[in-house]
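> generate a structure from the sequence data that follows.
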Amino acid sequence: MTPRTLLATVPCLILAAITLGYLALCVVVPFGHCRTCNGTGRKRSPLSRNGRECRHCAGTGLRLRVGRHAINHIKDEYQAAKR
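Residues are numbered from 1 along each chain as shown. The predicted structure is shown next:
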């Protein structure tokens with residue numbers, strides 16, 4: 001293997017490993033903390049101290065990861081193609 005070939009393949013392998021690792025994380029742990037409410041489920045109101053339920057996570061404090069959205073979409077398309 002020449003140094004030029006090695007320099008070209010190493011970043012590709014690293015990128016593939018990172019992508020597969022993230023997809024594995026999305027399969028094992030599909031939910032992450034909501035960015036809007038920081039995982040509390042409540043968003044501060046500008047007028048009152050109590051705040052209100054976060055509308056992005058519906059008060060759960062969790063959101064579906066982007067990778068899991070992609071996995072679900074691919075699964076749905078595959079199921080629709082089988083019919």
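> contacting residues for residue 35?
Residue 35 is in contact with 56, 63, counting by CB atoms under 8 Å, 6 or more residues apart in numbering. Heads up, the C-betas are built off the backbone N, CA and C, glycines and all.
> look up phi and psi at it.
As for residue 35, its main-chain torsions (degrees, to the nearest 10) stand at phi -80, psi -30.
> find the centremost residue of the protein, please.
Nearest to the mean C-alpha position of the chain, by CA atoms, centre = their mean, lies residue 65 at 2.4 Å.
> list the contacts of that residue.
Contacts for residue 65 (CB under 8 Å, 6+ apart) come out as 25, 26, 29, 30, 31, 32.
> give me the pLDDT value at it.
Residue 65 carries a pLDDT value of 94.
> and what of residue 45?
Confidence score, pLDDT, at residue 45: 77.
> with adjacent residues omitted, what lies nearest to it?
In space, and not counting its chain neighbours, residue 45 is closest to residue 51: 4.8 Å by CB to CB, 6 or more residues apart in numbering.
> strands of the protein, start to end?
31-33, 42-43, 52-53, 62-64 (DSSP state E).
> so which of these comes closest to residue 7?
Comparing those against residue 7 with CB to CB, the closest turns out to be strand 31-33 (34.4 Å).
> the closest one pairs with which strands?
Strand pairing for strand 31-33, determined by DSSP bridges: strand 62-64 (antiparallel).
> re earlier: figure out which of the strands of the chain is closest to residue 75.
strand 62-64 (13.4 Å).
> in the closest one, what counts as buried?
The neighbour-count check on strand 62-64 (16 or more other CB atoms under 10 Å) flags residue 63 as buried.
> what does stretch 12-28 give?
Using 16+ other CB under 10 Å as the test for burial, stretch 12-28 gives residue 26.
> before we move on, what about stretch 57-73?
Judged by neighbour count (16+ other CB under 10 Å), stretch 57-73 contains these buried residues: 57, 59, 61, 63, 65, 67, 68, 71.
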